[in-house]
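In: structural data only, the sequence is not supplied:
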């Protein structure tokens, strides 16, 4: 397939949608002296030029069509998108920073041809990008596969927490949140009475006695009241989830908290062991290229239950499931293995063990004979202990897992009369009078297959490549692109920020591969798209 055949439509001045009148012409025309001076000062290999060419690979027709065409003319969205991707690549994730750079950075002025949108416009534009990011991600991955940059056959999977845009010092439980809501309601009521009786207001426009946490202006307090109502809804939901937990893992009611700044954010420990509001970012990098083939953001502190939805996102982007998937122990659960089996994905992951636990096991051997020492007899559906005694199924139960997931677990027990006289009683049965028990899940055969697979040399060799992909991927987005704390609040905006990081990373990778192939085939210089 030729490079020309792979081309996606360019969105430039000559190919704008029919309703082009809804968009204002940028201040600087390409043939103007001011833009030409900026162009001459910009090096040929500058990041801004790469972004300009990279965005030309995207089909932006849906983005243009999202503007209603009413009211004042809008800024050209293709130019704003170039600005956003350029800034994200430079660790500048906040629209407030983008406004500053449009005034001070000549590369930003060159990319946008002199646009000066208000800060509120840029915040709104970032939100507008949300519905289009998945489609663009699929376009870029499709182009990468057409260029043979990836076959999407092997991938890694891991998650890492990123701090939410919320304070870790002001988490609230039911009691605190209730008191603040009551204080806000009282203040709003007092202001209403003051307005009706035409009494003099306090110098700051609010009541004379105002707590330090309360917003100063009436509009600020109204916004604060809405946020607290949302926080109360989220806190009620967390109480319900907490009540469903096993008694051993259930929190006291006073310890169930929420962040009023970002109620959707999960509460947990980040990589530095700091308890704070955060989101869980999942990445699936390709094992044979530098591309991110799938990504996701979840409002939870752990990786539990994220593998099935990540497989679905992978399939949506690539049109297939990976043949091989490399992950850590947190993804090697019975339900995750069942999801992989249904999608015909071979999972490589240590089962219930990581480097730390393996070292501890060597230093401190288990006090009880492990389950692995009991032989499973498939034909008879029983376990046989190291001493030759048979463990029959006693009962089964459905165990609740993450979210709505359920797992059936079977319990096998050795008759107490055998355990009481067994010579290995002290190292096996903690309660000899009840007999040793072994639990087996409905997907136990998948677990056993995984354990056997991970003992082979080919599996060990393949698994060593995991650290070279997903670990480097997180290091790249956190260090080189500065995504250590989200700029926006809420799960939707967190997904937008991660989507922009992944998009700019992938689109630059595809651009580099495409231009290298162009040079190899024809020796031509890279085409510069029309701004």
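Out: Received the coordinates, thanks. Note that this is a predicted model, so its numbers are computed, not measured.

In: from now on I want contacts and neighbour counts done on CA atoms only, so please keep to that.
Out: OK.

In: and residue 379, how far from residue 312?
Out: 36 Å (C-alpha to C-alpha, to the nearest Å).

In: roughly how far is the lengthiest helix in the chain from the heart of the chain?
Out: Longest helix of the chain, by residue count under DSSP state H: helix 491-522. Chain-centre distance of helix 491-522: 18 Å, with C-alpha atoms, centre = their mean, to the nearest Å.

In: again with stretch 446-455
Out: 28 Å.

In: buried residues, it. List them.
Out: 446-447, 450-451, 453-454 (16 or more other C-alpha atoms under 10 Å).

In: turn those residues into a markdown table, including secondary structure and pLDDT.
Out: Putting the buried residues of stretch 446-455 into a markdown table (DSSP: H, G, I helix; E, B strand; the rest coil; pLDDT from 0 to 100) gives the following:
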| residue | secondary structure | pLDDT |
| --- | --- | --- |
| 446 | helix | 95 |
| 447 | helix | 94 |
| 450 | helix | 96 |
| 451 | helix | 94 |
| 453 | helix | 96 |
| 454 | coil | 95 |
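
In: ok, residues contacting stretch 467-486?
Out: 88-92, 156-158, 160, 162-165, 283-287, 290, 494, 497, 501 (C-alpha atoms under 8 Å, 6 or more residues apart in numbering).

In: picking up where we left off before, so which of the buried residues of stretch 446-455 is the closest to residue 420?
Out: Residue 420 lies nearest to residue 447 out of those, by C-alpha to C-alpha, at 30.9 Å.

In: I'd assumed residue 336 was in contact with the closest one.
Out: No. Between residue 447 and residue 336 there is no contact under C-alpha atoms under 8 Å: 10.0 Å.

In: what's the following helix or strand after the helix or strand containing residue 219?
Out: Element membership of residue 219, judged by DSSP states H and E, is helix 218-244. Scanning forward in sequence from helix 218-244 by DSSP H and E, the next helix or strand is strand 266-269.

In: quick one: mean pLDDT over that following strand.
Out: Across strand 266-269, pLDDT averages out at 94.

In: same for whatever helix or strand comes next after it, what does it pack against?
Out: Sequence-wise, the next helix or strand beyond strand 266-269 is strand 275-285, with elements assigned using DSSP H and E. Counting contacts by 3 or more C-alpha pairs under 8 Å, 6 or more residues apart in numbering; DSSP states H and E, strand 275-285 packs against strand 154-156, strand 158-163, strand 266-269, strand 292-298, helix 307-318, helix 470-475, helix 491-522.

In: so what's residue 506 closest to, chain neighbours aside?
Out: Using C-alpha to C-alpha, 6 or more residues apart in numbering and skipping the chain neighbours, the partner closest in space to residue 506 is residue 291 (5.6 Å).

In: wait, the one you found sits on residue 285?
Out: Yes. Contact status for residue 291 versus residue 285: in contact at 5.8 Å, counting by C-alpha under 8 Å.

In: returning to what we had before: closest to residue 401 out of the buried residues of stretch 446-455?
Out: The closest of those, once distances to residue 401 are taken by C-alpha to C-alpha, is residue 447, at 16.7 Å.

In: what distance do you get for that closest one to residue 476?
Out: For residue 447, the distance to residue 476 - C-alpha to C-alpha - is 33 Å.

In: who are the contact partners of the residue nearest the centre of the chain?
Out: In the chain, the residue lying closest to the centroid (C-alpha atoms, centre = their mean) is residue 297, at 2.2 Å. By C-alpha under 8 Å, 6+ apart, residue 297 lies in contact with 279-282, 491, 494-495, 498.

In: pLDDT score for residue 15?
Out: Reading off the model, residue 15 has pLDDT 46.

In: I meant to write residue 530 there.
Out: Note on residue 530: pLDDT of 48.

In: residue 22 too?
Out: 84.

In: that one against residue 65, yeah?
Out: No. The criterion here is C-alpha under 8 Å, and residue 22 misses it with residue 65 at 10.3 Å.

In: of the two, who's got more company?
Out: A direct count of neighbours by other C-alpha atoms under 10 Å for residue 22 and residue 65 places residue 22 higher, at 19 against 12.

In: please name the residues that touch the more buried one.
Out: Counted by C-alpha under 8 Å, 6+ apart, residue 22 has contacts 67, 69-70, 72-74.

In: let's see that with 10 Å instead.
Out: Residue 22 makes contact with 64, 67-76, according to C-alpha atoms under 10 Å, 6 or more residues apart in numbering.

In: where does the stretch 201-350 of the chain have low pLDDT?
Out: 201-208 (pLDDT under 70).

In: 90 - rerun?
Out: Scanning the stretch 201-350 of the chain for pLDDT under 90 picks out the ranges 201-213, 215-223, 241, 244-249, 271-272.

In: residue 318 is in contact with residue 139, isn't it?
Out: Yes. Using C-alpha atoms under 10 Å, residue 318 is in contact with residue 139, at 9.4 Å.

In: now do the shared contacts for the two.
Out: Shared contacts of residue 318 and residue 139, counting by C-alpha under 10 Å, 6+ apart, come down to residue 145.

In: who has more neighbours, those two?
Out: Of the pair residue 318 and residue 139, residue 318 is the one with more neighbours under other C-alpha under 10 Å, namely 23 against 19.

In: from the contacts of residue 297, pick the one nearest residue 152.
Out: Once C-alpha to C-alpha is applied, the member of the contacts of residue 297 that ends up nearest residue 152 is residue 282, at 17.1 Å.

In: that closest one contacts residue 303, correct?
Out: Yes. Contact between residue 282 and residue 303 holds when scored by C-alpha under 10 Å: they sit 8.2 Å apart.

In: please enumerate the shared neighbours of these two.
Out: Common neighbours of residue 282 and residue 303 (C-alpha under 10 Å, 6+ apart) are 158-161.

In: turn these into CSV, including neighbour count and pLDDT.
Out: Output for the shared contacts of residue 282 and residue 303, formatted as CSV (neighbours: other C-alpha atoms under 10 Å; pLDDT from 0 to 100):
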residue, neighbour count, pLDDT
158, 24, 94
159, 26, 94
160, 18, 94
161, 25, 95
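
In: now, among these, which is nearest to residue 178?
Out: residue 161 (29.4 Å).

In: who's in contact with the closest one?
Out: 266, 268-271, 277-282, 297-303, 484-485.

In: same question for residue 446.
Out: 332-338, 340-341, 452.

In: out of those residues, which end up buried?
Out: For those, buried by 16+ other C-alpha under 10 Å: 332-338, 340.

In: which ones among these map onto helices?
Out: Going by DSSP H, the helices hold 334-338, 340 from the buried ones among the contacts of residue 446.

In: what is the nearest of the residues you listed to residue 374?
Out: Nearest to residue 374 out of those is residue 334 (C-alpha to C-alpha; 18.8 Å).

In: now do the contacts for the closest one.
Out: 340, 351, 407, 441-447.

In: got CSV for those, with distance to residue 42 too?
Out: Shown next, in CSV, are the contacts of residue 334 (distance: C-alpha to C-alpha, whole Å):
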residue, distance to residue 42
340, 49
351, 53
407, 60
441, 62
442, 63
443, 60
444, 61
445, 61
446, 57
447, 57
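
In: which two among the residues you listed are spaced furthest apart?
Out: 351 and 407 (17.1 Å).

In: the two: which is more packed in?
Out: For residue 351 versus residue 407, the count of surrounding residues by other C-alpha under 10 Å is larger for residue 351: 18 against 15.

In: gap between that one and residue 454?
Out: With C-alpha to C-alpha as the criterion, residue 351 and residue 454 are 9 Å apart.

In: please tell me how far residue 228 sits from residue 209.
Out: 20 Å.

In: which of the buried residues of stretch 446-455 sits closest to residue 183?
Out: Taking these together and measuring to residue 183 by C-alpha to C-alpha, the closest member is residue 447, at 54.4 Å.

In: what's near enough to touch that closest one?
Out: 332-338, 351, 441, 453 are the contacts of residue 447 under C-alpha under 10 Å, 6+ apart.

In: need the helices and strands packed on strand 275-285 in TSV (columns: distance to residue 124).
Out: Shown next, in TSV, are the helices and strands packed on strand 275-285 (distance: least, C-alpha to C-alpha, whole Å):
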stretch	distance to residue 124
strand 154-156	34
strand 158-163	22
strand 266-269	25
strand 292-298	21
helix 307-318	26
helix 470-475	28
helix 491-522	11
